[in-house]
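Just a sequence and a predicted model for now, questions to come.
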Amino acid sequence: MSKELLKLRITELFPEAAFDESGEWLNTEVPAEKWPALAEQLKADSHLALDYLFCLTCIDWKTHFTMVYHLSSTKFRHNLVFKVKLNREKPEVGTVCHIWRTAEFHEREVYEMFGVNFLHHPDLRLLILPDGWEGKNPLRKDFEDPVNMIRL
Amino acid sequence: MYRQTEIVQEKSPGIVGESGEFTINVGPQHPATHGVLHLVITLSGETILKVEPHLGYIHRSIEKMCESLTYRQFIYVTSRMDYLSAHINNHACALAVEKGLQLEIPPRAQVIRVLMDELTRVASHELWWGAMAMDLGAFTPFFHAFRERESINDIMEETCGARLTMNYMVPGGVMQDIHPNFQRRVKEFLKLYKQKIHEYDELVTGNIIFQNRMKNIGILSPEDAVSYGCTGPTARGSAVSCDIRKIYPYEIYDKLEFDEVLEEGGDSFARYMVRIREMQQSIRIIEQLIDNIPEGEFQAKTKAVLKLPKGEFYTRVETARGELGVYIVSEGGTTPYRIKFRSPGFSNLSVLDHIARGSKIGDLVAMMGTLDLVIPDIDR
C-alpha cells in the first residue's frame, strides 16, 4: 500500500490522527488515552495487519516524552511509526503487550530507563538495572552518572 | 492476560509448601548460558513452570554513551554489542549515518562490506554450532567448528587488524583497503570449508541421540514468533519469512543469488537446520563476489566532522542472530540526540519463557542453544 492509502485507512480507524511525512515512513501521532484501543485495531485490521512490533522506545525531549512504536506488517511489508506524547511529570500510557507480546520486555526496559508507567502491564519491574534503582532513570536527559565514562 | 501461570515474585530456595513448586537459579556464571545471563526457573518436579531472565550483568549503557559520542566514534562501541557479528553491527551504524548524510558509497566498499558480513555470519554460526553441541554433551564438535572459524578470524586479522571487535566499517565505506592476501586466503578457506562441511552432518546432524534431544523441543508457532518479535534463524525455523537481506535489501544484496532458508518444524531441530543451511548460502554469496571485487575507491570522501540533519533515521540489517535496528534521532548536531539499538537477542530471549513452559528442565539447554543468545547484545 502506498503512503496515501495507508493514511486514508488510518484516518478511517482514527479520524483525529495527525500525520508527519518528513521521515522515511509515515508517522502518526496519537493521544495517550486513545493508543491501546487503536493499537488493537491496527493489528486486527485486514488492510493494515500490523502484526510485528519491531521497535518500541522512548525519547526524552526535556519538556515531554515521546513513545515511539515502529510497526510492520509481515503480510504486506509496509512499515508505520506511531508516536504518543506523554507528560514528563506523570508519564503514563496503556500497555500493548497483550497485542504484541514482544512489548512486555521492551516496556519493562522503557519503564526502568525513563520511568514511564505502563498501565495494566502484567509484570512491570526492573529488567536490566539492579534492585534499588527505582526512581532514578538513566536514559532521562537530566540523569547524571557520578562516574561518566565519556568525560573521565 | 495471556499468562498460563501466576507470577512468583518472591525468591524461594528449596521446596515451597505443599504445592511442590521450587525455584532454581541458572547463572549468571553458568557454561550453558554463554555469558552472564541469570535465569530464575520455577519448577514442579522436573517440569518447567516459568523461566524468568534477569539481565544487566553486562549492561554498559551503550545507548547513553552514544549520546555523547560523535557519529564517527559511536561505531566502535557497537562492536561490543553482538561481538560475534561485530562487522554487521558496524555496518548497520554506518548505514544509518549514510542515510542521514544521503551518502553514496563506492561499489568496491559495498562488495567488501557484503563479503565481510557473510564471512562473519559463517564464523558466528560455526561458533554457535560448536557451543550448541557442547551444551548437549558433545565436546568434539567444538574443536571442529573452531578449526574453520580460526581461518576466518585470521583473514579478518590481516585486513582489519582485529579478530573480534573489528571496527572496520565506517561512514562512507571501509576503514582501509583489503589486504593483498585477502582473496587468496578466502578461496583457501572456501576449499577447506567444502572439504570439512560433511563432518558437521556426520558428527551431529545425523546423530540419532542428538536428533532425539532436538526434535519436538521448544516448539514456536509462526504467529508467536512474529508476536514476540523473533527474527533471524529463530523465526525462520518456524517458517516466518523475515530475512532483511531479501525483504528490504541493502547494499548489493538485491543483485546476489541466494535463498532465504526456511524450515517448517518450529522446534529446536528446525532452528538448528536453518543455521546449518544458512552457512551454505553465505558461502554461495562469498563465491559470487570473491572474484568480482570492483576496482576503485574503498571509501567515499566525507568531511572530518559529520553532522546529520535534524530528523530520524532507522536502518535494519540482518545479523547472524536476526534483525538489528539502529534508530538515530538527530537534532542537527555532531552527536545523536537519542539512539536506540533494537537488538535481535533481546526479543529472541523474551520468547524463552513461552517455549520452555511445560517442558522438562533437561531440555532447557537444547532450547536456549538454538536461540543463539549473545548476552552483551541483549544487555547493550
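Yep, that arrived.

Could you tell me how many residues sit around residue B:194?
Neighbour count for residue B:194, taken as other C-beta atoms under 10 Å in any protein chain shown: 12. Yep, even glycine has a C-beta here, placed from its N, CA and C like the rest.

host element of it?
Using DSSP states H and E, the element containing residue B:194 is helix B:182-200.

Look up how far residue A:24 lies from residue B:373.
As defined by C-beta to C-beta, to the nearest Å, residue B:373 lies at a distance of 30 Å from residue A:24.

So between these two, which is more surrounded?
Legend: neighbour count by other C-beta under 10 Å for residue B:373 and residue A:24, higher for residue B:373 (23 against 14).

and that one, what does it touch?
Counting by C-beta atoms under 8 Å, 6 or more residues apart in numbering or on different chains, residue B:373 makes contact with B:33-35, B:37, B:345, B:348-349.

just to revisit the earlier point, for the following helix or strand past the helix holding residue B:194, give the mean pLDDT please.
Counting by DSSP H and E, the next helix or strand C-terminal to helix B:182-200 is helix B:208-214. In this model, helix B:208-214 has a mean pLDDT of 87.

Stretch B:48-59 now?
88.

Using CSV, list the CA coordinates for that stretch.
Taking C-alpha atoms only, stretch B:48-59 is exported to CSV below (Å, rounded to 0.1, in the frame of the first residue of the first chain):
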residue,chain,number,x,y,z
ILE,B,48,9.3,-26.0,34.0
LEU,B,49,6.6,-23.7,35.1
LYS,B,50,8.3,-20.4,34.4
VAL,B,51,11.6,-19.1,33.2
GLU,B,52,12.4,-15.6,34.3
PRO,B,53,15.5,-13.9,32.8
HIS,B,54,17.4,-11.4,35.0
LEU,B,55,19.5,-9.2,32.8
GLY,B,56,22.0,-6.4,33.3
TYR,B,57,25.2,-8.2,34.4
ILE,B,58,27.0,-6.9,31.3
HIS,B,59,24.9,-3.7,30.7
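
Next one: it, is it in contact with chain A?
Yes. In terms of C-beta under 8 Å from any C-beta of the partner chain, part of stretch B:48-59 sits within range of chain A, namely B:55-56, B:59.

now that stretch, how far from the chain's geometric center?
In terms of C-alpha atoms, centre = their mean, to the nearest Å, the centre of stretch B:48-59 is found 19 Å from the chain centre.

Name the residues that touch that stretch?
Here stretch B:48-59 makes contact (C-beta under 8 Å, 6+ apart) with A:127-130, B:5, B:7-8, B:21, B:28, B:35-43, B:349, B:352-353, B:356-361, B:364, B:375-376, B:378-380.

so what's residue B:347 closest to, chain neighbours aside?
Closest residue to residue B:347 apart from its sequence neighbours, by C-beta to C-beta, 6 or more residues apart in numbering or on different chains: residue B:229 at 3.6 Å.

Any buried residues in the helix or strand harbouring residue A:81, and which?
Under the criterion of DSSP H and E, residue A:81 resides in strand A:79-87. Across strand A:79-87, burial judged by 16 or more other C-beta atoms under 10 Å in any protein chain shown covers A:79-86.

For it, name the packing helices and strands.
Under the contact criterion of 3 or more C-beta pairs under 8 Å, 6 or more residues apart in numbering or on different chains; DSSP states H and E, strand A:79-87 touches strand A:26-30, helix A:35-44, strand A:64-72, strand A:92-94.

Of all those, which one is nearest chain B?
Nearest to chain B among the helices and strands packed on strand A:79-87 is strand A:64-72 (6.9 Å), distances taken as C-beta to the nearest C-beta.

Which other helices and strands does the helix holding residue B:194 contact?
If contacts are counted by 3+ C-beta pairs under 8 Å, 6+ apart, helix B:182-200 sits against helix B:107-135, helix B:140-160, helix B:268-290.

State the number of residues packed around the closest residue to chain A within chain B.
Chain A sits closest to residue B:229 of chain B, with a gap of 3.2 Å, by C-beta to the nearest C-beta. Using other C-beta under 10 Å, residue B:229 has 27 other residues around it.

which SS class is it?
In three-state terms, and counting by DSSP: H, G, I helix; E, B strand; the rest coil, residue B:229 is coil.

Any figure for the gap between it and residue B:124?
Computed as C-beta to C-beta, the residue B:229 to residue B:124 distance reads 20 Å.

now, among the contacts of residue B:373, which is nearest to residue A:45?
Nearest to residue A:45 among those is residue B:348, at 27.3 Å by C-beta to C-beta.

who's in contact with the closest one?
The contact partners of residue B:348, taken as C-beta under 8 Å, 6+ apart, are B:230-232, B:234, B:321-322, B:371-373.

ok, residue 41 - contacts?
Let's take chain A. A:13-14.

try again with chain B
By C-beta under 8 Å, 6+ apart, residue B:41 lies in contact with B:23-26, B:48, B:50-52, B:361, B:364.

out of the residues you listed, which are inside strands?
Counted as lying in strands by DSSP state E, out of the contacts of residue B:41, are B:23-26, B:48, B:50-52.

what about burial for those, which qualify?
Buried among the ones in strands among the contacts of residue B:41 (16+ other C-beta under 10 Å): B:23, B:26, B:48, B:50-52.

picking that back up, a markdown table please, covering the contacts of residue B:348 and showing secondary structure and pLDDT.
Formatted as a markdown table, those follow (DSSP: H, G, I helix; E, B strand; the rest coil; pLDDT from 0 to 100):
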| residue | secondary structure | pLDDT |
| --- | --- | --- |
| B:230 | coil | 91 |
| B:231 | coil | 91 |
| B:232 | coil | 90 |
| B:234 | helix | 91 |
| B:321 | coil | 89 |
| B:322 | coil | 90 |
| B:371 | helix | 87 |
| B:372 | coil | 86 |
| B:373 | coil | 87 |
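
which two in those are spaced the farthest apart?
B:231 and B:373 (13.3 Å).

hang on, isn't residue B:314 packed against residue B:327?
Yes. Using C-beta atoms under 8 Å, residue B:314 is in contact with residue B:327, at 4.9 Å.

Overlap of the contact sets of these two?
Contact criterion C-beta under 8 Å, 6+ apart; residues shared by residue B:314 and residue B:327: A:55, A:70.

Could you tell me which residues of chain A lie near chain B?
Residues of chain A lying near chain B (C-beta under 8 Å from any C-beta): A:22-25, A:51-55, A:57, A:59-60, A:68, A:70, A:74, A:77, A:98, A:100-102, A:104-106, A:109, A:122-123, A:127-130, A:138-139, A:145, A:149-151.

Helices - which of those land there?
Counted as lying in helices by DSSP state H, out of those, are A:104-106, A:109.

Just the buried subset of those residues, please.
Applying 16+ other C-beta under 10 Å to these, the neighbour count classes A:104-106, A:109 as buried.

Ramachandran angles for the residue of chain A found nearest chain B?
Closest to chain B within chain A is residue A:102: 3.2 Å, counting by C-beta to the nearest C-beta. With angles defined as degrees, to the nearest 10, residue A:102 shows backbone torsions of phi -60, psi -20.

now swap in residue B:237 and tell me
Per degrees, to the nearest 10, the backbone of residue B:237 is at phi -70, psi -20.

now check stretch B:337-345, is it near chain A?
Yes. Stretch B:337-345 reaches chain A (C-beta under 8 Å from any C-beta) through B:337-338, B:340, B:342.

Max pairwise distance over those residues: which two?
Top of the distance list for these (C-beta to C-beta): B:337 and B:342, 17.2 Å.

neighbour count winner among these two?
Using other C-beta under 10 Å, the more surrounded residue of residue B:337 and residue B:342 is residue B:342, with 23 against 18.
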